[in-house]
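Asks: Sharing a model prediction with you, sequence too.
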Amino acid sequence: MYDVVQGPARIHDLLLSEADTLLYDAGVSGKEETMDREQPTTFDMAEFIRAFEANEIDKVLEFYAGEVEHIEIDADGPPKGPRTSGRDHLVEALKGGAEAGIKLRMENPVIGQDRAACTITCILPDGRRLISNTIYELRNGLIVRQLDVQVMDPEEA
C-alpha cells in the first residue's frame, strides 16, 4: 500500500520502481542498470511537449538518443511479451500519425533526474482515442528508453 502522506513524488518513485520490476521480470531490461544512474538531466520537458503536440517530428527526434529502446504494453503485447522496437519505429509512428491527421496531447508531465513521464492522448480522425501512460528513461538529457502502457478505443461496429 502506498503512503499518500509522503506525496506525489514518493508515489511517482514507487510507480517507476514497479515499471522497472515489470520490465526486469519480462526479461526486457536489466533492473540493476537503470537503478544505478543518478545523473542530473537537462531534458526540456516543456519544449518536448510543445514539439510533440505540434507534430514537429524533427524537433521531437532531437530529444531521443541515437539508440532507443521502445517498449509497448497493450492488449496485443502483454507484460509477459511486450512489443519492442527502436528509433526507426518511433520515426515511422510519428510520421504516420502526422500524415493521418492524428491530434496529439501530452498531459500530466513529471520529470526527475533520470526519468520523465506523462499521459499521451492520440485523437484519431474518426474520434477514437489511444491513451498511453509513458515513462521515458533519460541519459545525458536524451531519451534512451520509452515504455508505453496503452489502451485504445474499440472500432465502432
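Replies: Sure thing, it's come through.
Asks: residues near Gly96, how many?
Replies: Neighbourhood size, Gly96 [other Cβ atoms under 10 Å]: 10. Where you see a C-beta, it was placed from the backbone N, CA and C, and this is true even at glycine.
Asks: Can you give me the pLDDT of the residue nearest to Asp153 when sequence neighbours are not counted?
Replies: Closest residue to Asp153 apart from its sequence neighbours, by Cβ to Cβ, 6 or more residues apart in numbering: Arg128 at 4.0 Å. According to the prediction, Arg128 has pLDDT 96.
Asks: Also Pro8?
Replies: pLDDT, read off for Pro8, is 47.
Asks: and what of Ile123?
Replies: Ile123 carries a pLDDT value of 97.
Asks: Ignoring the adjacent residues along the chain, who's closest to Leu104?
Replies: Glu53 (5.3 Å).
Asks: continuing past the lowest-mean-pLDDT helix or strand in the chain, what's the next helix or strand?
Replies: One helix or strand of the chain scores below all others by mean pLDDT, DSSP states H and E: helix 31-36, with a mean of 46. Using DSSP states H and E, the helix or strand that follows helix 31-36 towards the C-terminus is helix 45-53.
Asks: quick revisit: correct me, but the residue nearest to Leu104 touches Glu107?
Replies: No. Glu53 is beyond contact range of Glu107, at 10.0 Å (criterion: Cβ atoms under 8 Å).
Asks: Which one of the two is surrounded by more residues?
Replies: More crowded of Glu53 and Glu107, by other Cβ under 10 Å: Glu53, with 15 against 11.
Asks: Next, the contact list for that one, please.
Replies: Glu53 makes contact with Leu104, Arg105, Met106, according to Cβ atoms under 8 Å, 6 or more residues apart in numbering.
Asks: Cross these against strands and list the overlap.
Replies: Leu104, Arg105, Met106 (DSSP state E).
Asks: Nearest to Gly97 among these?
Replies: Leu104 (7.0 Å; Cβ to Cβ).
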